[in-house]
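*Asks:* Mind folding the following:
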Amino acid sequence: ERIRLAEASGRRAAEMAVLGGPRPSELLTPDAFRNAQVVLQAIGGSTNGLIHLTAIANRTPHGIDLDAFDRLGRAVPVLVDLKPSGDHYMEHFHHAGGVPKLMAQLGDLIDLDAGTVAGGTLRDVAAAAEDVPGQTVIRSRDNPIKPLGAMAVLRGNLAPRGAVIKHSAASPALLQHEGRAVVFASIPDMTARIDDPDLDVGPDDVLVLQNAGPKGAPGMPEAGYLPIPKKILAAGVKDMVRISDARMSGTAFGTIVLHVTPEAADGGSLGLVRTGDRIRLDTAARRIDLLVDDAELERRRSEAGPAERPAWA
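*Replies:* Numbers count the residues shown, from 1 in each chain. Here you go, the predicted structure:
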């Protein structure tokens, strides 16, 4: 199916080049970007999806409004029973009717009059969606997997310009949590120490990774899925709050705060966190806060030199 879709996409791209349209500016409209965000929330999609959308939108006059994205997350439920938010795999989603069936279930939550690259509108796509009797992967709006969308945008003194959490794939008990920070200054530092038996870490602590963003790593690698220390895993603990300026795979489960901005290497508060500090996560209130007073943070900021870069950067 992927080969078939790739060939069909190439064929359509060639047709558009010959015909001179539709042009990207005709398709990359505010309604189209909003539709993409609705589907991302409803599908339990990856936090990487928001990064990709932002990259596309920033090459148009429209951009992505993080607060609007968060508001959509409060209005759009997760309808697809797909890992890590649910139980099934992408293959099952495909055989249940895929995105066309999801759009049919979303109904007025998306703009079905938006145009498509193939011609016609999304209304045509939704109307032609396959109906698979008995499938339970794509739910109706009155029987969602989760009552809220997949992702939330957090703000606070630790992320003044925002951070993202995929709370549909997190442990409910950790979505409101306060704990002691255990800090890793870089990816190599984390790799070297995370499984050290002498690491001072407990199950209620908050793992913090610095300098793993676009500038700090450099390149924002998929390092946000910080592993649980082996000695914590051995005690039967499967999840901890983890915070970084990195990104992670959309297949990962856990209470993980990503894309903290400004990033540590760009003067962000994340770079000022020290092991032993207290951090409070309040997903319902959309807050992520470092419980250190402003005067101490300013002292640390004034004393901090340039962010450390790994030797291989």
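
*Asks:* buried set for the host helix or strand of residue 296?
*Replies:* Residue 296 belongs to helix 294-303 when assigned by DSSP states H and E. For helix 294-303, a neighbour-count test (16 or more other Cβ atoms under 10 Å) marks residue 297 as buried. Quick note: C-beta positions are derived from backbone N, CA and C, even for glycine.

*Asks:* do the same with stretch 281-298
*Replies:* Buried residues in stretch 281-298, counting neighbours by 16+ other Cβ under 10 Å, are found at 281, 283, 286, 287, 288, 289, 290, 292, 297.

*Asks:* Quick check: the gap between residue 162 and residue 263.
*Replies:* According to Cβ to Cβ, to the nearest Å, residue 162 and residue 263 sit 12 Å apart.

*Asks:* So which of the two has more stuff around it?
*Replies:* residue 263 (26 against 19; other Cβ atoms under 10 Å).

*Asks:* does the more buried one really touch residue 270, like I thought?
*Replies:* Yes - with contact defined as Cβ atoms under 8 Å, residue 263 and residue 270 form a contacting pair (6.7 Å).

*Asks:* joint contacts of the two?
*Replies:* Counting by Cβ atoms under 8 Å, 6 or more residues apart in numbering, the common neighbours of residue 263 and residue 270 are residue 245.

*Asks:* Quick check: the residue lying closest to residue 62 once chain neighbours are set aside vs residue 114, distance?
*Replies:* Computed as Cβ to Cβ, 6 or more residues apart in numbering, the closest residue to residue 62 that is not its neighbour in sequence is residue 30, at 5.2 Å. Residue 30 sits 10 Å away from residue 114, going by Cβ to Cβ.

*Asks:* Looking at these two, which one has more neighbours?
*Replies:* Remark: of residue 30 and residue 114, residue 114 carries more neighbours, 19 against 15, as counted by other Cβ under 10 Å.

*Asks:* Would you agree the more buried one is in contact with residue 29?
*Replies:* Yes - with contact defined as Cβ under 8 Å, residue 114 counts as touching residue 29 (6.9 Å).
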